[in-house]
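>>> what follows is a predicted protein model with its sequence.
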Amino acid sequence: MLARGSALMTTTTPTGVPTASTKTFPASAANRGATRTALVTGASSGIGEDTARKLQALGYVVYGAARRTDRLQALATDGIRPLTMDVTDDASMTAGVDRILEETGRIDVLVNNAGYGSHGAIEDVPIDEARRQFEVNVFGLARLTQLVSPHMRAQGSGTIINISSIGGRLTTPLGGWYHATKYAVEALSDALRMELRPFGIDVVVVEPGAIRTAWWSIAADHLEATAEGSAYADQIRAVAGAMRSESNQRRFSPPVVIARTIGKIVTARHPRTRYAVGFMAGPLIAARRILPDRAFDQLIGAAFGFRR
């Protein structure tokens, strides 16, 4: 049994297996539910930054997490609490969750947004880079959820929003490792939704389409770094060019469309399990569902300027 004003804390054994223990946090009036609290990872720019601002506008105490807090100064100036957090560092995540609970006594919304795209042919991408992408996009998300969900269970409510991608519903060439991480996020989210529902916790997946952020240039940089001497150089040039295309960028949706969607999720009495939002999200998912594999392959190849 937990004493009033206590919360369940997850720790790890030396082998890294989660174990349950208890840690007591202050029991102030705010802890009793007067203050709703949200944690947003990857909050230094783009979707994460706009989401932090949206949740603050809805009345949440918002913690914006990123590896470098110097990139969170604009948010801090506006009253969002900066939090140093590296989702590949267990101690960093544990300390961040502890701080939130010590200051507010609760976490009502967790937005798992931290992630990146590392592209290249499956043959070309160093396996250590592939592992790192899983560490950030999948295992970081999963571990932070392990740390937060016991407290949500103890308070009998909460919303976990996992930022996936339409790339978790369909696949494009040279993005195999990235897509694999997003397919994993989709599967983990489905299992979590069923496991946590009896405790009053919603698990929702947001699947952005093409969003106008720095993600594209970063992904193109990773991709072009694999081009030299690659048998896939022609594909690499075509895909990287599409990623950097200014005409494409102009058609992409601004990140605020995702923030608005998250606002709808946290205010809905019964949110949907998935939200596909942003440029071409709905049409591409529908095409993947309807078309045979090879027909979809041809569609995607044509979009990137190569057919074979």
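All right, it came through fine. Numbering: from 1, shown residues only.
>>> do a quick rundown of the helices in this structure.
46-57, 73-77, 90-104, 127-134, 140-155, 176-196, 215-224, 233-244, 246-251, 256-267, 281-290, 293-304 (DSSP state H).
>>> which of the ones you listed comes out lowest on mean pLDDT?
Among these, helix 246-251 carries the lowest mean pLDDT, at a mean of 80.
>>> ok, residues contacting that one?
210, 212, 216, 242, 279 (CB atoms under 8 Å, 6 or more residues apart in numbering). For every residue, glycine as well, the C-beta is placed using N, CA and C.
>>> can I get those in TSV including neighbour count and distance to residue 94?
Formatted as TSV, the contacts of helix 246-251 follow (neighbours: other CB atoms under 10 Å; distance: CB to CB, whole Å):
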residue	neighbour count	distance to residue 94
210	20	35
212	19	34
216	20	33
242	16	40
279	19	37
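>>> ok, residue 166 - contacts?
Taking CB under 8 Å, 6+ apart, one finds 207, 208, 209, 276, 278, 280, 281, 284, 285 in contact with residue 166.
>>> count of residues packed around the fourth one?
By the measure other CB atoms under 10 Å, the count of residues near residue 276 is 21.
>>> how close does it sit to residue 282?
Residue 276 is 6 Å from residue 282, where distance means CB to CB, to the nearest Å.
>>> equivalent analysis for the second one, please.
Between residue 208 and residue 282 the computed distance is 12 Å (CB to CB).
>>> spit out the contact partners of the spatially most central residue of the chain.
Nearest to the mean C-alpha position of the chain, counting by CA atoms, centre = their mean, stands residue 113 at 2.6 Å. Residues in contact with residue 113 (CB under 8 Å, 6+ apart) are 40, 41, 42, 43, 47, 48, 51, 163.
>>> out of those, which is nearest to residue 74?
residue 43 (10.5 Å; CB to CB).
>>> quick one on the thing from earlier: who's more crowded, residue 208 and residue 282?
residue 208 (26 against 14).
>>> make sure that one is actually in contact with residue 165.
Yes. Proximity of residue 208 to residue 165 meets the contact threshold set by CB atoms under 8 Å, at 5.8 Å.
>>> need the residues touching each of the two.
Counting by CB under 8 Å, 6+ apart, nothing touches both residue 208 and residue 165.
>>> count the residues that sit near the nearest residue to residue 253 once chain neighbours are set aside.
Nearest residue to residue 253, sequence neighbours excluded (CB to CB, 6 or more residues apart in numbering): residue 278, at 4.1 Å. Per other CB under 10 Å, the neighbour tally for residue 278 reads 24.
>>> right, and residue 278 touches residue 257 too?
Yes. Applying CB under 8 Å, one finds residue 278 in contact with residue 257, separated by 5.7 Å.
>>> okay, and the common contacts of the two?
By CB under 8 Å, 6+ apart, the residues touching both residue 278 and residue 257 are residue 211.
>>> might one say that residue 147 is in contact with residue 93?
Yes. With contact defined as CB under 8 Å, residue 147 reaches residue 93; the gap is 5.9 Å.
>>> just to revisit the earlier point, quick one: the residue nearest to residue 253 and residue 266, what's the gap?
19 Å.
>>> for stretch 262-278, buried residues please.
262, 263, 265, 266, 271, 274, 275, 276, 277, 278 (16 or more other CB atoms under 10 Å).
>>> overlap in contacts of residue 276 and residue 282?
What both residue 276 and residue 282 touch, as defined by CB under 8 Å, 6+ apart, is the set residue 209.
>>> show me what counts as buried in stretch 110-124.
For stretch 110-124, by 16+ other CB under 10 Å, it's 110-121, 124.
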